[in-house]
Structures are given as structure tokens and as C-alpha cells.
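Trainee: below: sequence and its predicted model.
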Amino acid sequence: MKEDPSSIFNQPDFKETLAKYENMVREGTRTYFDADDLTLIAEYYASKGNPYASDKAIDYALSLYPENQDVLVFKCHSLLSGRNTDEADLLIHNLPYQNDYDTQLLYAELYLQKNDMSQTQATLNKLYEDYPHIDTILDIAQLYTDYQQKKYAYPWIQKALNENPDNLEALELMGLYQFEIQHYDQALQCFNAILDEEPYDVNSWQNLARCYAQTKEYDKMFEAIDFAMVADETNLTTWKLKVDCHLMLEQLHEAIPCLEYIEKHVREKEPIWYILASIYFDLLDYDKMKQYTQLILDHRITASEIVDMAEICYKHALACLRTKEITACYETIELGLQYNDKYHQFYLLKGELSLLYNDTSSAKKSFKKAEAYSYNIQDTWFDIGVIYFQAFHFKEALEAFKKIEKHDYQDSFKISYLISYCYYRLGKIEKALHYMIRGAVFTSKQQLTERLKTMQELDTNFSEMAWHIYELIQNKELDPSPYLGEL
């Protein structure tokens with residue numbers, strides 16, 4: 001861990017300087033600051049996970065101090081972290097002090113970014129020859145770690161620990177190395193050793209949480225996140241980590257307030273809107289899904305570089321359809337087709353829209369296109385079958401479901417009740433019973449309740465019959481064996 005500047009950030013002088021700077025930004029004026037103050041402000045924003053604000057601060061510093069080495073070095077680091085390699089290359093080669101320690105470290109990072117390992121090693125080895133100190137070792141190890149070069153990082157990390165086994169930065173780097181090679185217990189030991197000395201170190205709490213996520217110790221994972229929040233409740237990296245942990249455990253509702261907090265504090269909001277739209281898609285909350293997909297569509301010039309706009313158009317069109325905004329649904333489908341005319345979900349929606357007006361001919365044409373562009377034909381057949389089913393076109397629904405059965409007989413067991421109900425509504429009771437019995441064999445009581453929910457709303461007789469057969473089989477009063485083959 002680099003020397004923690006948080007103690008500086010908490011000092012009254014820095015807070016006063018930061019408030020003065022932020023007031024200047026709000027009012028759109030220009031105020032004089034020392035170069036060191038502006039560099040520290042840029043570092044503060046970077047530590048909070050806000051690179052945009054950090055870049056603005058350092059650019060303002062450059063406007064006041066265009067020749068200041070420290071300001072230029074920070075700008076180079078910013079360009080490299082944003083993978084603006086060519087711009088960084090030009091700036092590094094024009095730094096005023098070419099033989100300076102920081103300049104040589106920048107050259108090494110530039111070579112790393114260009115994947116020139118030979119030149120990287122030569123530069124760093126020469127740097128250590130010129131500055132044979134533990135801080136140099138740690139800078140080299142940190143650089144290799146930042147670029148996921150484990151093989152090159154490890155010898156330098158070990159060298160630092162050999163010189164000082166209690167060095168906190170070396171312990172953090174070793175913890176990160178052990179994490180990368182999936183030695184989570186060893187990584188936990190390193191991070192806990194740091195926290196024994198620095199109990200408010202946010203990075204170590206975050207790293208603990210990541211380790212516990214991998215070891216599936218979820219209570220400890222959230223406990224570590226809570227401690228990170230206590231240390232700094234505004235740290236966006238912690239908030240993002242909390243989102244990741246909730247989503248990993250499919251705790252969608254819990255992730256939402258975290259994402260809403262992040263949305264308020266980041267400039268690039270489109271990725272957050274995308275995650276929120278996806279969550280509400282899974283929750284079937286079409287009003288909220290429509291809200292966030294509309295935000296992305298309103299910013300589609302910038303959003304198109306970040307998210308799949310065809311997917312966004314599909315989700316927005318679906319939300320419009322479910323909330324009965326039919327015209328908006330049509331318009332969004334047409335917009336989506338401009339982004340990707342082979343996105344098969346658009347044709348599913350077009351087919352569903354056609355069925356609203358009982359235009360079965362157009363629906364079939366749309367569904368044919370959906371099949372042609374599908375990347376998973378069985379899922380598409382299922383979707384087509386459900387659309388027909390919900391529109392009370394049971395003959396066509398049955399045809400779609402039977403395609404699944406023909407393609408993968410074992411996989412079709414889970415749709416036995418759908419097939420049964422189609423036969424039931426078509427008056428083919430014997431076939432309906434066949435699939436009802438087959439469904440009962442491969443369905444738990446909880447699954448049966450869920451699968452019969454829609455059918456019970458449509459026809460209580462069918463639901464009662466299904467439950468009766470299920471109980472007969474469970475009580476061994478009916479042998480299902482003769483009904484498990486194909487019809």
C-alpha cells in the first residue's frame with residue numbers, strides 16, 4: 001500500500017483547500033492554488049474512484065503550471081491509466097527532467113503498456129541500480145502488480161519483505177499476489193496483518209471482502225464491506241464492491257440503493273443505468289426498466305460506446321409493450337433494428353404485437369425470422385410457444401413446444417404442463433393426461449405450484465386435475481411408468 005494520504009485529506013487545511021476548489025468549480029471562476037495543492041486534490045478524487053474530477057483538477061493545475069514536473073508526472077499517470085498510450089508517450093518524452101526518478105518509472109510503465117517486457121525490465125533494473133532502496137523495490141513491484149504481471153512482480157515483492165517483513169506496502173502487494181494465484185488464506189493473512197497496524201485502511205477491508213467472496217464466507221464479506229464503509233463511507237470503489245457482492249448472491253433489491261448512490265456521484269452514468277435496467281428486467285418491474293432504458297436512449301450518442309444499444313432498445317420496447325404503450329414499442333423496435341437487424345428478440349416482439357391484432361400470418365413471419373437469427377433455438381422455440389400460449393393460440397403454442405420435445409426429449413420434461421394444457425384446451429384429453437402425468441414425475445411440489453399458477457387463473461378444473469394426479473403418484477396410487485415415453 002502506498003503511503004496512505006487519507007490522514008492529509010482529513011486535515012483542516014486540506015478540507016479548506018478542497019472546499020475552495022469545489023466552490024470555484026461550481027461558480028465557474030478561476031482561483032489561484034499552489035501546484036502541490038492541486039496535485040493533492042487530483043489525488044484525492046482519484047482515491048475516491050472519481051477519475052473525471054481528478055483529471056479536471058490536474059488539467060486546471062496544468063493551465064497554471066504548464067512546466068511543473070510533478071503536475072506533468074501526475075498527468076502522465078492519468079493518461080496511462082486511461083490507456084491513452086500515444087498521448088502519454090508524447091508527454092513523457094517532453095518532460096523537463098528526463099533523468100528524474102519519476103520520469104524513468106513512467107518510461108517503464110509506458111513500455112509495459114506497449115508490452116515491451118525487455119525494455120521494461122532493463123529500465124526498472126537500471127532504476128534500482130541508481131536508487132537501491134526499498135521504496136524503489138516497492139514501486140517496481142507495484143507497477144508489475146498494476147499490470148497483472150505476477151511472474152515479474154513476485155521476486156520484487158519477496159525482496160521487499162526480505163528487507164522488511166513488516167512493511168505494510170509489501171504485505172499488501174503479497175496479499176494481492178496470493179489472491180491472484182487463488183491462495184486466499186495466505187492473502188487474508190496479509191490483509192489482516194495490515195489492519196492490525198492500520199485498522200482504518202480502506203483498501204485492506206476491500207481486499208478482505210474480495211477474499212471472503214472467493215471463499216464463500218458471505219457474512220464476513222459483508223462485514224468487511226461495512227468496516228470499509230466506516231473507514232470512508234464516500235469511497236465509490238467500496239460501493240461498487242458492495243453492488244458486486246449483492247449481485248453475486250442475486251440480492252437484487254439490496255443492490256439497487258447502492259447503485260443509486262453511485263449514480264449520484266459519477267459522471268459516466270450510462271453503465272449504472274444499464275445495471276439498474278437489467279435488475280428491473282429480472283424483477284419484471286417494467287415501469288422502472290422503462291425509466292432507465294429511456295435515460296440511456298436519451299444519451300445514446302455517448303451510451304452507444306459503452307452498452308449494447310440493440311439490447312437497450314429491446315428492453316425498452318418490451319417495457320413499453322408490457323405497460324401498453326404500443327406506439328412507443330413499435331418506434332423503439334424500429335430504432336433497435338437500425339443498431340442490429342439480426343437481433344432476434346425484436347422479431348419476437350413484432351410477432352407478439354401482430355397477435356395483439358390477431359394477425360397470425362404476420363406473427364408467423366416474424367417468428368420465422370426470430371428462429372433464423374436465434375443463437376439458442378430451443379430458448380427461442382420456448383419464447384414463441386409462451387407468446388402464443390399467452391395469446392390463447394394453443395395450436396401454434398403446442399407446435400412450438402413440440403419442437404423442443406423433438407429436439408431434446410429429456411429437456412422437454414420441464415414444459416410438460418404447458419404441453420398438457422395446450423392439449424386440454426384443444427380437447428385432446430387423453431394426450432393432456434399423458435403429459436400431466438409425465439410432468440408430475442419430474443416436478444417438485446413447489447415447482448408445481450409455480451407452473452400451475454397461470455393455468456389456474458385460466459382454468460381451475462385443469463389445476464385441480466393436475467394436483468389430483470400429482471398426489472396419486474406421490475402416494476404410489478398411480479404408476480407413471482407407461483406415460484414417460486414419447487407420444
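Mentor: All right, it came through fine.
Trainee: next, the contact list for the residue nearest to Asp287 when sequence neighbours are not counted, please.
Mentor: Once flanking residues are discounted, Asp287 sits nearest to Thr323: 6.3 Å by CB to CB, 6 or more residues apart in numbering. Quick note: C-beta positions are derived from backbone N, CA and C, even for glycine. Residues in contact with Thr323 (CB atoms under 8 Å, 6 or more residues apart in numbering) are 286-287, 290.
Trainee: select only the buried ones of the residues you listed in ChimeraX?
Mentor: Selecting the buried subset of the contacts of Thr323 in ChimeraX, with 16 or more other CB atoms under 10 Å as the burial test, is done by:
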select :286,290
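Trainee: just the C-alpha atoms of stretch 122-135, please, in PDB.
Mentor: Presented in PDB, the C-alpha positions along stretch 122-135 are these (Å, rounded to 0.1, in the frame of the first residue of the first chain):
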ATOM      1  CA  ALA A 122      16.000  -3.000 -18.400                       C
ATOM      2  CA  THR A 123      14.600   0.300 -17.300                       C
ATOM      3  CA  LEU A 124      13.500  -0.900 -13.900                       C
ATOM      4  CA  ASN A 125      16.700  -2.800 -13.200                       C
ATOM      5  CA  LYS A 126      18.700   0.400 -14.100                       C
ATOM      6  CA  LEU A 127      16.300   2.400 -11.800                       C
ATOM      7  CA  TYR A 128      17.100   0.100  -8.900                       C
ATOM      8  CA  GLU A 129      20.800   0.300  -9.600                       C
ATOM      9  CA  ASP A 130      20.500   4.100  -9.400                       C
ATOM     10  CA  TYR A 131      18.200   4.100  -6.400                       C
ATOM     11  CA  PRO A 132      18.900   0.900  -4.400                       C
ATOM     12  CA  HIS A 133      16.200   1.500  -1.700                       C
ATOM     13  CA  ILE A 134      13.100  -0.400  -0.500                       C
ATOM     14  CA  ASP A 135      10.900   2.300  -1.900                       C
END
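Trainee: rewinding a little: in helices, which of the contacts of Thr323 fall?
Mentor: 286-287, 290 (DSSP state H).
Trainee: would you mind measuring from the closest residue to Ser304 other than its chain neighbours to Arg451?
Mentor: Distance criterion CB to CB, 6+ apart; nearest residue to Ser304, sequence neighbours excluded, is Tyr339 at 7.8 Å. Distance, Tyr339 to Arg451, by CB to CB, to the nearest Å: 36 Å.
Trainee: tell me, how many neighbours does the residue nearest to Ser304 end up with?
Mentor: Applying other CB atoms under 10 Å, we find 17 residues neighbouring Tyr339.
Trainee: do the one 5 residues further on as well
Mentor: His344 has 22 neighbouring residues, counting by other CB under 10 Å.
Trainee: try Asn475
Mentor: So Asn475, with other CB under 10 Å, has 8 neighbours.
Trainee: following the chain onward from the lowest-mean-pLDDT helix or strand in the chain, which element is next?
Mentor: Among the helices and strands of the chain, helix 6-9 carries the lowest confidence by mean pLDDT, DSSP states H and E, at a mean of 73. Counting by DSSP states H and E, the next helix or strand C-terminal to helix 6-9 is helix 12-27.
Trainee: and the contacts of the helix or strand following that following helix?
Mentor: Moving toward the C-terminus from helix 12-27, the next helix or strand (DSSP H and E) is helix 35-47. Helix 35-47 has contacts (CB under 8 Å, 6+ apart) with 5-6, 8-9, 14, 17-18, 21, 33, 51, 53-55, 57-58, 60-61, 64-65, 68, 70-71, 74, 78, 235.
Trainee: among those, name the buried ones.
Mentor: Buried members of the contacts of helix 35-47, scored by 16+ other CB under 10 Å, are 6, 9, 14, 17-18, 21, 33, 51, 53-55, 57-58, 60-61, 65, 68, 71, 74, 78, 235.
Trainee: show the pLDDT at the residue found closest to Ile429 once you drop the neighbours it is linked to in the chain.
Mentor: Distances taken as CB to CB, 6+ apart put Tyr423 closest to Ile429, at 7.5 Å, once the chain neighbours are dropped. On pLDDT, Tyr423 comes in at 95.
Trainee: wait, what's in contact with Tyr423?
Mentor: Neighbouring residues of Tyr423 by CB under 8 Å, 6+ apart: 398, 429, 431-432, 435.
Trainee: any idea how far Gln214 is from it?
Mentor: Between Tyr423 and Gln214 the distance is 49 Å, computed by CB to CB.
Trainee: and what of Tyr152?
Mentor: Taken as CB to CB, the span from Tyr152 to Gln214 is 24 Å.
Trainee: and what of Asn203?
Mentor: Counting by CB to CB, the gap from Asn203 to Gln214 is 17 Å.
Trainee: and the two? Which one has more around it.
Mentor: Asn203 (22 against 13).
Trainee: low-confidence ranges in the chain?
Mentor: 1-7, 409-411, 485-487 (pLDDT under 70).
Trainee: quick one, strands of it?
Mentor: Ranges of strands in the chain, per DSSP state E: none exist.
Trainee: burial count for Met229?
Mentor: Residues near Met229, counting by other CB under 10 Å, number 16.
Trainee: ok, now which ones touch the closest residue to it other than its chain neighbours?
Mentor: Counting by CB to CB, 6+ apart, Met229 lies nearest to Thr238, which is 6.0 Å off, once chain neighbours are set aside. Residues near Thr238 by CB under 8 Å, 6+ apart: 202, 205-206, 225, 228-229, 232.
Trainee: same question, Glu311
Mentor: Residues counted as contacts of Glu311 (CB under 8 Å, 6+ apart) are Tyr343.
Trainee: kindly provide the distance from the spatially closest residue to Ala108 that is not a sequence neighbour to Leu112.
Mentor: Leaving aside its sequence neighbours, Ala108 sits nearest to Thr123 (CB to CB, 6+ apart; 4.3 Å). Separation of Thr123 from Leu112 (CB to CB) stands at 9 Å.
Trainee: ramachandran angles for Lys216?
Mentor: phi 60, psi 30 (degrees, to the nearest 10).
Trainee: that one: neighbouring residues, count only.
Mentor: When neighbours are counted by other CB under 10 Å, Lys216 comes out with 10.
Trainee: would you mind measuring from it to Tyr177?
Mentor: Remark: distance between Lys216 and Tyr177 (CB to CB) = 22 Å.
Trainee: do Lys453 as well
Mentor: 51 Å.
Trainee: neighbour count: these two, which is higher?
Mentor: Shown here are Lys453 and Tyr177; by other CB under 10 Å, Tyr177 has more neighbours (21 against 10).
Trainee: most remote residue from the middle of this protein, which is it?
Mentor: Glu477 (50.2 Å; CA atoms, centre = their mean).
Trainee: for Leu195, see how far away that residue is.
Mentor: Distance, Glu477 to Leu195, by CB to CB: 62 Å.
Trainee: related to what we said a few turns ago, who are the contact partners of the residue nearest to Ala108?
Mentor: Counting by CB under 8 Å, 6+ apart, Thr123 has contacts 104, 107-108, 111.
Trainee: kindly report the same for Tyr286.
Mentor: Contacts of Tyr286 (CB under 8 Å, 6+ apart): 280, 318-319, 322-323.
Trainee: by neighbours, which of those residues wins?
Mentor: Result: Ala319 is most packed of the contacts of Tyr286 (other CB under 10 Å), 26 neighbours.
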